[in-house]
Structures are given as structure tokens and as C-alpha cells.
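Engineer: what's the 3D shape of this:
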Amino acid sequence: QVQLMESGGGLVQAGGSLRLSCEGSGRRFSEYQVGWFRQAPGKEREFVAAISWPVGLTSYQDSVKGRFIISRDNAGTTVYLQMNNVSAEDTAVYYCGADPTLRRVQIGAVAAWGQGTQVTVYS
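Structural biologist: Predicted coordinates:
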């Protein structure tokens, strides 16, 4: 079974940057595809970005393209979300999710979720 642990959330000023980390563990985690999702107050959880492994193909929600970058370390155990030029609309709890199938990650139908990390953007 795969376990995920997010970190790196916090307060950030509008226009600033923040990097989130998602550390995975468990059997065969390096074979899983991983994505980032977020849930703002009163809204449903939404897809933010995903990265395939080991090829490293990335996909993003339109609202974060050009601002957020998803990446994975060489060992395949940690996935990052670099958030740049953030705005109030980026305030949410951010979750990472993992699944053996990339398409299931992109639609949020994943086998494992992390517990989430809060990101709050202030002006």
C-alpha cells in the first residue's frame, strides 16, 4: 500500500512563491503516477497538475499553466509543486494523489491520497 505525505504549505504573499512536497512510501511507489489537487473553502477538490513516471510528461489545469511546475526527484520518491506568482485564488488545501494509471490521476480517481497541506495567499 502506498502512503503519501505533503509538506511545504503556509502563508505566502500574493505574487510570491512556495514549493510543496509530496513524499511517497510503500511498495512500488516509484511505479505510481502522481498529481496535485486542491480544495478551496466551499468548493470541490480540483485537479492542478500531474506528472507521469518515468517519462516525466506533465499536465496542468489551465489556471496554473505558466505559474506552477510539477516535478519528481530522480529516485521517484518525492513529487514537488513549485508555485510562482500566486494569487488569492490559489488559497486552498493542496493534496497529492497517486495511482498506477496516469488517466486516473488526471480525473482524480486515485488509489491513495495524502492528508493535505494548507496554502494561504494574502495581499
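Engineer: immediately after the helix or strand containing A49, which helix or strand?
Structural biologist: Using DSSP states H and E, A49 sits in strand 46-51. Sequence-wise, the next helix or strand downstream of strand 46-51 (DSSP H and E) is strand 58-60.
Engineer: tell me the SS of the residue most central in space within the chain?
Structural biologist: Closest to where the C-alpha atoms of the chain average out (C-alpha atoms, centre = their mean) is W36, at 2.2 Å. Secondary structure, DSSP: H, G, I helix; E, B strand; the rest coil: W36 is strand.
Engineer: Just list whatever residues bridge to it.
Structural biologist: Taking DSSP bridges as the rule, W36 bridges to A49, C96.
Engineer: Can you give me the distance of it to A75?
Structural biologist: 19 Å (C-beta to C-beta, to the nearest Å). For every residue, glycine as well, the C-beta is placed using N, CA and C.
Engineer: Just give the number of residues close to Y122.
Structural biologist: Y122 has 11 neighbouring residues, counting by other C-beta atoms under 10 Å.
Engineer: again with Y94
Structural biologist: For Y94, using other C-beta under 10 Å, the count is 24.
Engineer: which ones are touching it?
Structural biologist: Going by C-beta atoms under 8 Å, 6 or more residues apart in numbering, Y94 touches 6, 9, 20, 36-38, 48, 81, 116-119.
Engineer: How about S25?
Structural biologist: With C-beta under 8 Å, 6+ apart, S25 has these contacts: 2-3, 5, 77.
Engineer: E44: which element?
Structural biologist: Here E44 is assigned to no helix or strand, by DSSP H and E.
Engineer: Next, count neighbours for it.
Structural biologist: Neighbour tally, E44, other C-beta under 10 Å: 7.
Engineer: distance of Y60 from P54?
Structural biologist: Distance from Y60 to P54, by C-beta to C-beta: 19 Å.
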